[in-house]
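# Sequence unavailable; structure follows:
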Ligand code: GUN
């Protein structure tokens, strides 16, 4: 029996509606600054979608574009300016950044209370200790999608493929917090198929098209596909298309995780503004 598709587009639309209602009810200024460095076309599209979602939710957009030749000092100066701007309650620096930029240093420069990506070590540390603040948007969106489809995580075996700081590692931690037994796989994992075949829940976040094949999926497993790569055959996920003949529940590409990332970003943006307006306590300060 083919898998049931987890409709991220529909759930994200609902979340965005809720966020818009919340923004209207709160009546505080909420502004999201997006920073795009360079001219990567895919990044430009992602950032534009984030800004459009902001406007639709009643969040004020502040968009800044810098050339690909921008220096570390110039980017740090912009982050400092946005940290100091009270109208800006959320800051998102789109990654990847050009090679001359030290990405980790830029992320550390963002005031953690404005870090709507949840990438700052302060927020990552709170998440590690089970004290959620601003969670990275893609993992948070995945968790909301799994909850919506009543996926039982407690006692489940979850396998995450991909160990990035932004997706793989935080997703593993959030699954662990929901009492799944988590295995985190990566490019050096021997016999990936044998490990993935153990999983009740698979999260594929390697950024390599069709890295997870149908033969690796246990029949009936829940499969979350984070990958999105443009090929001559269109957009391809990290999970092979025929996995839908084996999985029980599956996220489509596009229309699965992607829209949920934007919805989770909006939730974070409101949360960050509430911290800054003293409506919610930010851990440690
Ligand atoms: N690049 C791809 N996804 C993301 C994201 O969620 N946040 C940022 N800042 N950059 C990204």
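That came through fine. The shown structure was predicted, so the numbers you read here are calculated from the model rather than taken from an experiment. Numbering: from 1, shown residues only.
# pLDDT score assigned to residue 285?
As summarised for this prediction, residue 285 has a pLDDT of 66.
# repeat for residue 1
Residue 1 is assigned a pLDDT of 81 by the prediction.
# Any idea how far apart the tips of stretch 227-236 sit?
Looking at stretch 227-236, the gap from its leading to its trailing residue is 7 Å under the measure Cα to Cα, to the nearest Å.
# wait, I meant stretch 216-234
23 Å.
# Give me the distance from it to the chain's centre.
Here the centre of mass of C-alpha atoms in stretch 216-234, compared against the chain's by Cα atoms, centre = their mean, to the nearest Å, lies 17 Å away.
# again, but for stretch 207-215
For stretch 207-215, the distance between its averaged C-alpha position and the chain's averaged C-alpha position is 20 Å (Cα atoms, centre = their mean).
# what do you get for stretch 43-63?
Centre to centre, stretch against its chain (Cα atoms, centre = their mean), the figure for stretch 43-63 is 15 Å.
# Tell me which residues are up against it.
With Cβ atoms under 8 Å, 6 or more residues apart in numbering as the contact definition, stretch 43-63 has outside contacts at 16, 19-20, 23-24, 29-34, 36, 82, 85, 87-88, 90, 92, 94, 96, 262-263, 265-266, 269-270. To be clear about C-beta, it is placed using only N, CA and C from the backbone, and glycine gets the same treatment.
# Can you tell me which of these are buried?
Buried by 16 or more other Cβ atoms under 10 Å: 16, 19-20, 23, 30-34, 36, 82, 88, 90, 92, 94, 262-263, 265-266, 269-270, out of these.
# ok, back up a step: so which of the contacts of stretch 43-63 belong to strands?
Assignment to strands by DSSP state E places the following of the contacts of stretch 43-63 there: 31, 32, 33, 34, 36, 90, 92.
# Tell me the pLDDT of the closest residue to the last one other than its chain neighbours.
What it means is residue 92. Beyond its immediate neighbours in the sequence, the residue positioned closest to residue 92 (Cβ to Cβ, 6 or more residues apart in numbering) is residue 34, lying 5.0 Å away. Reading off the confidence values, residue 34 has pLDDT 98.
# got a list of what residue 34 touches?
Residues counted as contacts of residue 34 (Cβ under 8 Å, 6+ apart) are 47, 50, 51, 61, 62, 63, 64, 92, 94.
# could you redo the last one with a cut-off of 6 Å?
Counting by Cβ atoms under 6 Å, 6 or more residues apart in numbering, residue 34 makes contact with 47, 50, 51, 63, 92.
# Can you tell me which of the residues you listed is nearest the ligand?
Using Cβ to the nearest ligand atom, residue 92 comes nearest to the ligand of the contacts of residue 34, at 4.9 Å.
# I'd say the closest one and residue 117 touch.
Yes - the pair residue 92 and residue 117 passes the contact test of Cβ atoms under 6 Å, sitting 5.5 Å apart.
# that older thread, make a markdown table out of the contacts of residue 34 and add distance to residue 253, secondary structure and pLDDT.
As requested, the contacts of residue 34 are arranged in a markdown table below (distance: Cβ to Cβ, whole Å; DSSP: H, G, I helix; E, B strand; the rest coil; pLDDT from 0 to 100):
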| residue | distance to residue 253 | secondary structure | pLDDT |
| --- | --- | --- | --- |
| 47 | 20 | helix | 98 |
| 50 | 19 | helix | 97 |
| 51 | 23 | helix | 97 |
| 63 | 27 | strand | 97 |
| 92 | 23 | strand | 98 |
